[in-house]
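With the sequence up front, the predicted model follows.
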Amino acid sequence: MDASVLRRRAGAAAGTYASIVLGFLGTIVAARVFTTEVLGLYTLVISSAGFFQTLLDLTIEEALIKFGFRYITQEDWGRLRRIFRRTFAFKAAGAVLAGIALVGLGLGAGTVFHHSELRTPLLVSALLPLAQSPEGMAAVPLMLRGRYDMRGGFLTVSMALRLAAIAAGTHFGLTWTIVAIVLAQVAASAAIGAAGLAAFRRFPTAPVRPLDEDAREVMRFIAQSSVATGVVSLRTTLTPMLLGMASTARQVGYFRVAQSPQTGFNAVSAPIRLVLLSEQTRDWERGESERVFAGVRRYTLLAFLGSALLLPLLIVFMPQIVRLLFESKNLGAVDAARIIVAAGAVQFVVGWSKSFAVTIGRPNLRIWTHGLETAVLLPLALGLGWVWGASGAAVAVLASSIVFAISWAVLFARIRREPRGEVAGVPA
């Protein structure tokens, strides 16, 4: 393998791992400084911001990567420039809508979450989608140039700024913590924005030309990808919100702590998924589908073996882990953490699924699989969370993760048998 490719992969891994460690440290700082109840309120604000941003802020980046590699392969620089210009306005509009939704939630916080003190933090968080929106688009030119190592580096910068914001803000209360996070995100977006613009300008210049026959396909891809990520937001961010409605802020705090092991599994797979998205999409557009399938099989086997080794240790030593990292005041999260770490292992094994759907140009598959997962998760999280708090919500996460993994195993087997990944019986 070319030495430059190895260096970029190593750089992507180092940057992504560092960013997730910094994000995890941010959770630890918040958990140790805040009381468990305030940690729960903080979780509700961050989850609400993430929910509306993912739901309403259109997922442009995946379409830009998919069609960007197509136009680069075809050396169609005019269309490459056109697709960036056309999608920028949609991205900005989505961020504005997400901010408006957060303002509405802030004004109704007392009714929805039974905590009127959430009003100001939620209103401040309405600025987060606007601050974060440019970061994703700015990363695309780096990915298109194969510089996923730089993308990993800027992820580290972003999370380092957020950690500093949390460390400073938590000593002044919840509202000031959210203010600090917004300011940190503005700085992070400005940094990667400059790098992304420089990377884009290095593509050959050419007159902008219409997308023509690709326009409908691009818009359909964006719509399907946005719906898919919207469904994902229901899974990842709406669960704490539902728990906050059905139970207490303390239980939401325990659930936040319990999610930490799951973050660890995501940390292991994140740089691998970043590389897969870039390299497998390139291979697929070149017609080398067998390399893509082989990479998925190799990832699944290694992830399964790693999970089988780590999972028993994490379950046995979970009380010690929680006490060491989050202090004894959060030991009520142990049972939920043991359940969620099992869910994290399941999701780790099928961690290839997000990039794979983009690679083969079928983001609608994520709608089907995450939709099924969400249909299992949300009613269980609400019902079991009302009865057993954080542990009940954790059981819902595990059950839905198993359903998700089974559905992708079936789909992959069918895709492998069909020419160029056309799945019989599944609408495009």
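Arrived safely. Numbers count the residues shown, from 1 in each chain.

Could you use CA atoms for every contact and neighbour count after this?
OK.

so where do the helices sit in the stretch 101-250 of the chain?
Secondary structure of the stretch 101-250 of the chain by DSSP state H, counting those that start in this stretch: the helices cover 109-112, 119-125, 128-144, 148-169, 174-201, 214-236, 238-246, 249-258.

Save those helices as CSV, and put in distance to residue 4 and mean neighbour count too.
Converted to CSV, the helices of the stretch 101-250 of the chain look like this (distance: least, C-alpha to C-alpha, whole Å; neighbours: other C-alpha atoms under 10 Å):
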stretch, distance to residue 4, mean neighbour count
helix 109-112, 51, 15
helix 119-125, 40, 22
helix 128-144, 15, 23
helix 148-169, 11, 23
helix 174-201, 17, 20
helix 214-236, 31, 20
helix 238-246, 41, 25
helix 249-258, 39, 27
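
Compare these and say which comes out lowest on pLDDT.
Ranked by mean pLDDT, the helices of the stretch 101-250 of the chain bottom out at helix 214-236, which scores a mean of 76.

related to what we said a few turns ago, wait, which of the helices of the stretch 101-250 of the chain is closest to residue 26?
Smallest distance to residue 26 across these (C-alpha to C-alpha): 5.0 Å, for helix 148-169.

Give me the distance from the closest one to the chain's centre.
15 Å (C-alpha atoms, centre = their mean, to the nearest Å).

Contacts for it, please.
Outside of helix 148-169, the residues within contact range by C-alpha atoms under 8 Å, 6 or more residues apart in numbering are 8-16, 18-20, 22-23, 25-26, 29-30, 139, 142-143, 176-181, 184-185, 187-189, 191-192, 271, 274-275, 278.

Which positions within the host helix or strand of residue 15 qualify as buried?
Assigned by DSSP states H and E, residue 15 belongs to helix 3-33. Of the residues in helix 3-33, 8-33 count as buried by neighbour count, 16 or more other C-alpha atoms under 10 Å.

How far off centre is that helix?
Centre-to-centre, helix 3-33 and its host chain are 14 Å apart (C-alpha atoms, centre = their mean).

From the contact counts, what lies against it?
helix 148-169, helix 260-285, helix 318-326 (3 or more C-alpha pairs under 8 Å, 6 or more residues apart in numbering; DSSP states H and E).

at 6 Å instead, please
Judged by 3 or more C-alpha pairs under 6 Å, 6 or more residues apart in numbering; DSSP states H and E, the packing partners of helix 3-33 are helix 148-169, helix 260-285.

Now do that helix against helix 249-258, angle only.
For helix 3-33 against helix 249-258, the angle by axes from the mean of the first three to the mean of the last three C-alpha atoms, to 10 degrees is 150 degrees.

Would you format the helices and strands packed on helix 3-33 as TSV with distance to residue 111 included?
Listed next are the helices and strands packed on helix 3-33 as TSV, based on distance: least, C-alpha to C-alpha, whole Å:
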stretch	distance to residue 111
helix 148-169	26
helix 260-285	29
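
And the ones you listed: which comes nearest residue 324?
Nearest to residue 324 among those is helix 260-285; the distance by C-alpha to C-alpha comes to 13.0 Å.

Heading C-terminal from that closest one, find the next helix or strand.
Counting by DSSP H and E, the element after helix 260-285 in chain order, helix or strand, is helix 289-316.

got the angle between that next one and helix 260-285?
Using the same axes, to 10 degrees: helix 289-316 against helix 260-285 is 180 degrees.

tell me what helix 289-316 is packed against?
Judged by 3+ C-alpha pairs under 6 Å, 6+ apart, the packing partners of helix 289-316 are helix 334-349.

Using PDB, write out every CA atom in the helix it packs on.
Output of helix 334-349 as PDB, limited to C-alpha atoms (Å, rounded to 0.1, in the frame of the first residue of the first chain):
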ATOM      1  CA  VAL A 334     -24.300   0.900  36.400                       C
ATOM      2  CA  ASP A 335     -27.200  -1.400  35.400                       C
ATOM      3  CA  ALA A 336     -28.100   0.800  32.500                       C
ATOM      4  CA  ALA A 337     -24.500   1.100  31.400                       C
ATOM      5  CA  ARG A 338     -24.100  -2.700  31.400                       C
ATOM      6  CA  ILE A 339     -27.100  -3.000  29.100                       C
ATOM      7  CA  ILE A 340     -26.000  -0.200  26.800                       C
ATOM      8  CA  VAL A 341     -22.500  -1.500  26.400                       C
ATOM      9  CA  ALA A 342     -24.000  -4.700  24.900                       C
ATOM     10  CA  ALA A 343     -26.000  -2.500  22.500                       C
ATOM     11  CA  GLY A 344     -22.800  -0.700  21.700                       C
ATOM     12  CA  ALA A 345     -21.100  -3.900  20.800                       C
ATOM     13  CA  VAL A 346     -24.000  -4.900  18.400                       C
ATOM     14  CA  GLN A 347     -23.800  -1.500  16.700                       C
ATOM     15  CA  PHE A 348     -20.100  -1.800  16.400                       C
ATOM     16  CA  VAL A 349     -20.300  -5.000  14.500                       C
END
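
Check what pLDDT residue 60 gets.
Listed pLDDT for residue 60 reads 76.

got it, and residue 209?
Note for residue 209: predicted pLDDT of 85.

which phi and psi does it have?
Taking degrees, to the nearest 10, you get phi -130, psi 150 for the backbone angles of residue 209.

Might one say that it is in contact with residue 78?
Yes. Between residue 209 and residue 78 a contact is recorded at 5.0 Å, counting by C-alpha atoms under 6 Å.

Between the two, point out the one with more neighbours.
Neighbours were counted for residue 209 and for residue 78 using other C-alpha atoms under 10 Å; residue 78 has more, 17 against 14.

State the distance from residue 98 to residue 251.
Noted for residue 98: a distance of 27 Å to residue 251, by C-alpha to C-alpha, to the nearest Å.

The helices of the stretch 101-250 of the chain: which one's closest to residue 414?
Among these, helix 214-236 comes nearest to residue 414, with 20.1 Å by C-alpha to C-alpha.
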